[in-house]
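> Pasting a predicted model and its sequence here:
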Amino acid sequence: MQSVRYLPQHQSAIEGLLDDVPFKSSIWQWQFEAMAGDEGFDPVVIEKDGRIIGFNGVIPADVLYRGESVAALWSCDFYVDVTCRGQGVGRFIKQTLVKKSPLIMTFGVSEAAAQVLKRIGWVQATDVYHYRYTRLWRKPRYLAMQLLQRFNLLRGLWRRAVPFDCNLQWTESLPEAVEVDALWQRVEAGYQKVVRRNYRYLNWRYQQHPLASYRFLCARDSNRGELLGMLVVREHHGIVRLVDWVGALKDEVLPRAMIRDCLFHYRAAHQFTATTTSATGFSQALTDLGFFPSRTRPAFFVTSCLPQDQDPAQGWFLTAGDSDGEFLQAARNHYQATGMGKGEYANS
């Protein structure tokens, strides 16, 4: 087997490997090519006897990493032909992948993929949590969740009393690019490791997605009208996902006001979810308003060859929007809602 340079004619064969993603052709250009830059889409493609047997997609990421800009990669869509599994193809794919960037991340991987990553030295974060908030009070199996939720609400009661004067507005589109970029420039110095939430990224990630619709809750200063923060939300069948947060890392007051408004705005929803790292204002705000961490944690892995990088998986700010699993689930929800197909997505 050998690694070969990706060519457009490979797409159909690669989609054949992704047999659990029937809508892949509809998001291929957006996911893989829109942000690829001048060098073009450069995934790992493994060929044997003229047949493609393995694939690992990549998405470029503009990362702020300990005060420096790093051209990193997200690893996604890791697949091995079913007839070739257990033969070292997965390891070969990952060994080829790490040559493409000094910093590579993957978020929300399957257990099988996680085992491969651990064996070849990728590092897993220990501070990523999936939070839930439920309104399914009448089901006995939710009793423990109800008790934990109420405990968090009581514990955070004194925090919620802090006043905050801002205007909150729900919109179907992002604010103007100049406003979004100005917001990010003001707050990014507070982050240690993060994918830059500038307009170019947010526009691609949330507004240009061909099979998903997101809403934006914008907070503005009551006097100056200055953009202070944004919450990105997606709703499907009564489940509201708090997909992304853009604002000051340690600010608890603003995200608390915005999450509270979200709970009221979607008062008919029966469940809310959010994924993020701990020790941030956003995670504290979630806890104060009754959200509780689930037992299972999302798997976030990093491999780095940056100088003196001893702990590459710690110190990140992450949300569900960083995971390809979220935008693939959004695509699948649309796919199912339009009657084009059925089934659950299993992120690999």
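Sure thing, it's come through.
> make it CA atoms for all contacts and neighbour counts henceforth
OK.
> For the residue nearest to V63 when sequence neighbours are not counted, give me the pLDDT.
Using C-alpha to C-alpha, 6 or more residues apart in numbering and skipping the chain neighbours, the partner closest in space to V63 is V195 (4.4 Å). On pLDDT, V195 comes in at 98.
> Touching, V195 and D62? I think so.
Yes. Applying C-alpha atoms under 8 Å as the test, V195 and D62 come out as touching, 5.9 Å apart.
> Can you give me the distance of the residue nearest to V63 to A112?
26 Å (C-alpha to C-alpha, to the nearest Å).
> again with I93
With C-alpha to C-alpha as the criterion, I93 and A112 are 14 Å apart.
> Number of residues surrounding the residue nearest to V63?
20 (other C-alpha atoms under 10 Å).
> ok, it - contacts?
Counting by C-alpha atoms under 8 Å, 6 or more residues apart in numbering, V195 touches A61, D62, V63, L64, D322.
> For the nearest residue to I120 once chain neighbours are set aside, give me phi and psi.
In space, and not counting its chain neighbours, I120 is closest to R91: 7.4 Å by C-alpha to C-alpha, 6+ apart. R91 adopts backbone torsions of phi -60, psi -40, taken as degrees, to the nearest 10.
> R91: neighbouring residues, count only.
16.
> Break this structure down into its structural domains.
Taking automatic domain parsing as the reference, the chain has its domains at 2-124, 128-297+308-327.
> would you list the ones you listed in TSV and tack on distance to Q336?
Formatted as TSV, the domains of the chain follow (distance: least, C-alpha to C-alpha, whole Å):
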stretch	distance to Q336
domain 2-124	10
domain 128-297+308-327	11
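> Go through those and find the least confident stretch.
Per-stretch mean pLDDT for these is lowest at domain 128-297+308-327 (a mean of 90).
> What segments of the stretch 201-348 of the chain are helices?
253-265, 281-288, 324-337 (DSSP state H, counting those that start in this stretch).
> for the ones you listed, which one sits closest to V233?
helix 253-265 (8.7 Å; C-alpha to C-alpha).
> how much does the closest one deviate in direction from helix 281-288?
Here helix 253-265 runs at an angle of 50 degrees relative to helix 281-288 (axes from the mean of the first three to the mean of the last three C-alpha atoms, to 10 degrees).
> Give me the helices and strands touching helix 253-265, please.
strand 227-236, helix 281-288 (3 or more C-alpha pairs under 8 Å, 6 or more residues apart in numbering; DSSP states H and E).
> Tell me which residues of it come out buried.
V253, L254, P255, R256, A257, M258, I259, D261, C262, L263 (16 or more other C-alpha atoms under 10 Å).
> could the residues you listed go into a markdown table alongside distance to S3?
Formatted as a markdown table, the buried residues of helix 253-265 follow (distance: C-alpha to C-alpha, whole Å):
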| residue | distance to S3 |
| --- | --- |
| V253 | 50 |
| L254 | 48 |
| P255 | 45 |
| R256 | 48 |
| A257 | 50 |
| M258 | 47 |
| I259 | 46 |
| D261 | 50 |
| C262 | 47 |
| L263 | 49 |
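> In this structure the residue nearest to I120 contacts Q115, no?
No. If you go by C-alpha under 8 Å, R91 and Q115 don't touch, sitting 10.4 Å apart.
> and T83, backbone torsions?
Torsion angles, degrees, to the nearest 10, at T83: phi -80, psi -10.
> ditto for T126
Dihedral angles (degrees, to the nearest 10) for T126: phi -110, psi 10.
> For the residue lying closest to it once chain neighbours are set aside, the count of nearby residues, please.
Nearest residue to T126 in three dimensions, chain neighbours excluded: Q314, at 7.4 Å (C-alpha to C-alpha, 6+ apart). Residues within reach of Q314, counting by other C-alpha under 10 Å, total 19.
> how close does Q314 sit to D288?
From Q314 to D288 the distance is 24 Å (C-alpha to C-alpha).
> Now do the same for Q185: helix, strand or coil?
Under DSSP: H, G, I helix; E, B strand; the rest coil, Q185 falls in the helix class.
> separation between it and Y191?
11 Å.
> More neighbours: the two, which one.
Between Q185 and Y191, counting by other C-alpha under 10 Å, Y191 is the more crowded of the two (20 against 13).
> mind listing what the residue nearest the centre of the chain touches?
Nearest to the geometric centre of the chain sits D322, at 2.3 Å (C-alpha atoms, centre = their mean). D322 is in contact with F107, V195, counting by C-alpha under 8 Å, 6+ apart.
> Pull the contacting residues for A269.
R135, G238, I239, V240.
> could you dump those residues to TSV with neighbour count and distance to R297?
Output for the contacts of A269, formatted as TSV (neighbours: other C-alpha atoms under 10 Å; distance: C-alpha to C-alpha, whole Å):
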residue	neighbour count	distance to R297
R135	15	22
G238	13	23
I239	17	19
V240	21	19
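> W30: which of those is nearest?
Distances from W30 to the contacts of A269, taken by C-alpha to C-alpha, are shortest for V240, at 23.9 Å.
> Do you have the strands of the stretch 101-250 of the chain handy? List them.
Counting by DSSP state E, counting those that start in this stretch, the stretch 101-250 of the chain has strands at residues 103-107, 123-124, 128-134, 166-171, 193-195, 215-221, 227-236, 239-246.
> Test my guess that V180 contacts R200.
No. Taking contacts as C-alpha under 8 Å, V180 lies outside contact range of R200: 9.4 Å.
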